[in-house]
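Asker: everything below, folded, please.
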Amino acid sequence: MEDNCKNCGSKVAGNFCNNCGQKKFKRIDKKYLIDEMQYLLLHTNKGFFYSVKSIFKNPGKTAKEFIDGNRVNHYKPIMLAFVLSGLSTFISFKILNVTKIMEQTYEKQKIDKSLAHEFMSFLSSYNSLFMLLSIPIISIITYLLLKSWKNNYYEHIIMNAYIQCCYTIYCILFIYPILFFLKDSSTTAYMIISLLSAFSIPVIMVWFYKEFYPEKSIGDVIVKVVFFVIVGIIIYVTIIFAFVIGTLIMYGPEALLKLAPQQQ
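Answerer: Numbering: from 1, shown residues only. Here you go, the predicted structure:
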């Protein structure tokens, strides 16, 4: 039996309008709400958890599937990166209380909390969110480095969203539990964990690109990632330099003395 679509007026022979895609009209009742809840749960499990599991096992292959057009089972990668970054920020800010850990670190090193502390605490607490917002810039770098490998800039945005998702999943499953149990221990343990987290990024990138470009040798992949790391270090040093210059302009030369650890 055909009905008219309530949105565009076209004839609807199935469950969806062939013209605009709207679902066939159904009066809202108890069964309607139950069906909607079932769809929500099934869609979430099929999309979100399926994508998280796939990224955890094979991040590069998962991204290649999505970019090559096999997308029906996958959660949209940029939205997934937002969701995971929000979860990561909640854990680091509310559960791990990274700000307090940074305070303890600076107190032990006798570094003035009003300057470097606020800047570094912000970066530590919102690390995943900061990386997420950096995806368009990171994608410019990876696009230029891998331009000969035939993926356009916008595909690199999707690829880096998947890399971000993989890194965030890794942090949530491995780094954060370790940090939780060691959060009241020495600052050395915290610094080791921070370094472990940082070094995991190039490892994940090598793993990702080798899966995404199986025809490329592991040596070619490592060389590209090393170049990326070098560019990243240059950008990081530039940001630190800009921070120092900004501190000089705003607070004067004496403010820099407060950033250095004081002798006991």
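Asker: from here on, just use CA atoms for contacts and neighbour counts.
Answerer: Will do.
Asker: so how many other residues sit close to residue 57?
Answerer: The local packing of residue 57 (other CA atoms under 10 Å) involves 12 other residues.
Asker: low-confidence ranges in the stretch 101-250 of the chain?
Answerer: Low-confidence segments of the stretch 101-250 of the chain, defined by pLDDT under 70: 101-129, 183-190, 243-244, 246-250.
Asker: in it, what residue spans correspond to strands?
Answerer: Under the criterion DSSP state E, counting those that start in this stretch, the stretch 101-250 of the chain carries no strands.
Asker: give me the nearest residue to residue 138, chain neighbours excluded.
Answerer: Among residues not flanking residue 138 along the chain, residue 160 sits closest, at 7.6 Å (CA to CA, 6 or more residues apart in numbering).
Asker: you'd agree the one you found is up against residue 135?
Answerer: Yes - counting by CA atoms under 8 Å, residue 160 does reach residue 135; the two are 6.3 Å apart.
Asker: would you map the helices across the stretch 1-150 of the chain?
Answerer: Assigned by DSSP state H, counting those that start in this stretch, the helices in the stretch 1-150 of the chain fall at 30-44, 50-57, 59-67, 77-90, 98-109, 118-125, 127-133, 135-145.
Asker: the fourth one vs helix 50-57, what angle?
Answerer: Here helix 77-90 runs at an angle of 80 degrees relative to helix 50-57 (axes from the mean of the first three to the mean of the last three CA atoms, to 10 degrees).
Asker: please renumber so the chain begins at 23
Answerer: Taking 23 as the first residue, the last one we looked at is helix 99-112.
Asker: show me what helix 99-112 is packed up against.
Answerer: On a contact count with 3 or more CA pairs under 8 Å, 6 or more residues apart in numbering; DSSP states H and E, helix 99-112 meets helix 149-155, helix 175-192.
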